[in-house]
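Trainee: I would like to see how this sequence folds:
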Amino acid sequence: MSSTNRILPYVFVLIQFICLGLIAITGPLIANSPVLLGAELLGIFLGLWAVLVMRIGNFNVTPTVMAGAKLVEGGPYRFIRHPMYAALLLVTLPLVLDSFSLLRLSIWLVLLVDLVLKLRHEEQLLASEVEGYPGYVSRTKKLLPLIF
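Mentor: This next block holds a predicted model:
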């Protein structure tokens, strides 16, 4: 494995955490609008559901495949392949919209691009290392059920 391929997962995670931190320090952490608060809570629920189904300790913050990884197809994974990434976007977008600025929107867009690139990298690894993953890809969407 090249040094670029070893470093890239950590670059994705670094950008992700910088974006999350910047969103957190540039505005409130709880949306004021009832609709946006509902979306934020839905994102929190989705993230917790994904973690519980995946089981704590069986996932990795970096887009690398853990030794002995097995395909998980239950819970939110029945509908989308990356519910934790979707949850991050669903939690942070209402925060950006509720306390809107071009800076916050720009940060969120960087987070979106980072997570899409991160999941593409992760999916390449999963397709080559996890039995049944290519078939799973044909049955599910990446982040949004029935859409993407």
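Trainee: top helix in the protein by residue count?
Mentor: Residue-count comparison of every helix in the chain, with assignments taken from DSSP state H, identifies helix 102-129 as the longest.
Trainee: buried ones in that one?
Mentor: Within helix 102-129, the residues that count as buried by 16 or more other CB atoms under 10 Å are 104, 107-108, 111-112, 114-116, 118-119, 121-123, 125-126. C-betas here are computed from N, CA, C, even on glycine.
Trainee: Please tell me how far residue 43 sits from residue 119.
Mentor: Look at residue 43 and residue 119: by CB to CB, to the nearest Å, they are 16 Å apart.
Trainee: Check the offset of the longest helix of the chain from the chain's centre.
Mentor: 8 Å (CA atoms, centre = their mean, to the nearest Å).
Trainee: The following helix or strand past that helix: which residues count as buried?
Mentor: If you walk from helix 102-129 toward the C-terminus, the next helix or strand you reach (DSSP states H and E) is helix 133-139. Along helix 133-139, the positions that meet the burial threshold by neighbour count (16+ other CB under 10 Å) are 133, 136.
Trainee: Sweet, I'm off.
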